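Asks: sequence plus predicted model, see below.
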Amino acid sequence: MRFIDEVQIEVRAGNGGKGCSSFRREKYVAKGGPDGGDGGRGGHVIFISCVSKNTLQELYLRKRLIAKNGQSGMGNDCHGKNGEDITIEVPIGTMIRDETGHLLCDLSLAGMRFTLAKGGDGGMGNARFSTSTNRAPRYSQPGIEGEQGHRFLELKLMADVGLVGLPNAGKSTLLARISNARPKIADYPFTTIKPKLGQVFMDDGDGFVVADIPGLIEGAHEGRGLGDRFLRHIERTAVLLHMVDSACEDGKSVADQIAEIETELKGYGKTLWNKPRLLVLNKVDALLDEELEAALKDANKTGLDVAVVSAVSGQGITPLLRHIYERVLADRDQRQLEARQAL
Ligand SMILES: Nc1nc2c(ncn2[C@@H]2O[C@H](COP(=O)(O)OP(=O)(O)OP(=O)(O)O)[C@@H](O)[C@H]2O)c(=O)[nH]1
Ligand SMILES: [Mg+2]
């Protein structure tokens with residue numbers, strides 16, 4: 001199944017039901033007053049962000065969301081039934097734009113609710129228009145039309161930490177080791193073909209979310225390999241872990257591998273290039289001492305913090321997690337401060 005993270009949909013909320021014009025008819029009561037009820041409201045089209053959804057697949061297949069119209073009002077002061085709302089669960093991180101590309105809502109937390117198209121109000125029945133001077137109004141209102149149009153949905157997954165690297169660097173192996181996710185792992189490139197999130201639990205009972213995305217190759221920002229389209233899913237992270245295979249079998253130096261990914265991150269733009277990054281030298285279990293020394297020398301040239309790990313043996317993983325968590329917490333504090341200042 002493809003990983004769907006962009007969808008255009010048509011939404012149509014229900015029209016309001018029309019108000020009723022009617023007069024009471026009872027035996028032995030001549031000229032009963034007006035008793036036309038109001039029309040029902042048209043159904044809304046609503047999204048709710050929810051942890052159990054990961055892609056926009058359902059909406060990709062459905063494409064049109066059309067809510068029911070409200071029923072017309074009836075005699076005997078009966079209110080028409082409201083049209084049923086359409087409520088759709090979408091992944092956390094779904095962004096909703098209108099036809100001009102203007103951002104209407106970013107469902108960045110669980111349980112957020114957004115009405116994409118509002119149902120029209122029902123019209124008032126003639127009973128409402130009765131006054132002392134006009135006891136028998138015949139007028140009742142029509143219902144109001146529901147909103148409709150196209151909406152553009154884009155999913156940008158919410159994760160604290162993003163894994164980037166060439167194919168086979170061991171990103172998924174690391175994710176499987178530190179989180180509850182069970183990604184596919186194999187010694188061929190592009191094992192991972194769609195983003196995957198994993199929750200890491202720390203001692204304080206809290207933790208952070210890590211996103212594993214398909215490997216990048218040279219020219220990814222021009223569409224090579226799986227391209228760079230999955231990079232959007234690590235745009236909102238606090239920190240990037242740049243994973244490097246320090247035991248690369250095809251003889252590529254650590255410096256070359258780092259440079260390839262850096263070029264792609266730069267090519268993608270500032271959102272990622274300006275993000276804090278940590279170099280993770282992986283597969284050090286397979287290195288001789290002098291090989292590790294050479295790898296470290298290359299890595300240190302970048303000026304970034306470097307972690308030396310083996311995702312397979314577990315070497316270096318605990319200090320790496322502590323380091324990442326500190327950064328994640330600092331980033332959360334910073335974001336909270338900014339949000340408070342913006343108020
Ligand atoms: N020796 C050793 N092998 C490792 C280590 N980490 C990963 N590997 C192996 O490297 C291969 C690739 O690992 P993956 O985790 O699938 O790599 P990836 O970066 O997710 O690759 P893509 O999904 O293709 O981008 C697998 O055969 C792993 O077993 C490590 O620390 N040491
Ligand atoms: Mg993988």
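Replies: The structure has been received and is ready for your questions. Ligands and ions are numbered 1, 2, ... in the order given.
Asks: quick check, H323 in a helix?
Replies: Yes. According to DSSP: H, G, I helix; E, B strand; the rest coil, H323 belongs to a helix.
Asks: now do the contacts for it.
Replies: The contact partners of H323, taken as Cβ atoms under 8 Å, 6 or more residues apart in numbering, are L278, D305, A307. For the C-beta atoms, the positions are set from N, CA and C on the backbone; glycine is no exception.
Asks: could you redo the last one with a cut-off of 7 Å?
Replies: A307 (Cβ atoms under 7 Å, 6 or more residues apart in numbering).
Asks: against P276, how distant is it?
Replies: 11 Å (Cβ to Cβ, to the nearest Å).
Asks: now do R236
Replies: Distance from R236 to P276, by Cβ to Cβ: 13 Å.
Asks: same check, this time on Y28
Replies: In terms of Cβ to Cβ, Y28 sits 84 Å off from P276.
Asks: who has more neighbours, those two?
Replies: Counted by other Cβ atoms under 10 Å, Y28 and P276 do not tie: P276 has more neighbours, with 13 against 4.
Asks: that one touches V239, doesn't it?
Replies: Yes. Under the criterion of Cβ atoms under 7 Å, P276 makes contact with V239 at 4.8 Å.
Asks: low-scoring stretches of this structure, by residue?
Replies: Applying pLDDT under 70 to the chain flags residues 1.
Asks: let me see the contact set for whatever residue of the stretch 201-343 of the chain ends up closest to ligand 2.
Replies: Proximity of the stretch 201-343 of the chain to ligand 2 (Cβ to the ion) peaks at D212, 6.0 Å away. Taking Cβ under 7 Å, 6+ apart, we find D212 in contact with L163, K171, S172, L175, P183, T192, P195, K196.
Asks: one more pass at 10 Å, please.
Replies: 159, 161-165, 171-176, 179, 181, 183, 192, 194-198, 230, 233-234, 241, 243 (Cβ atoms under 10 Å, 6 or more residues apart in numbering).
Asks: just the residues you listed: which are in strands?
Replies: Counting by DSSP state E, those place V161, G162, L163, V164, G165, K196, L197, G198, L241, M243 in strands.
Asks: count of residues packed around the fifth one?
Replies: For G165, the number of neighbouring residues by other Cβ under 10 Å comes to 26.
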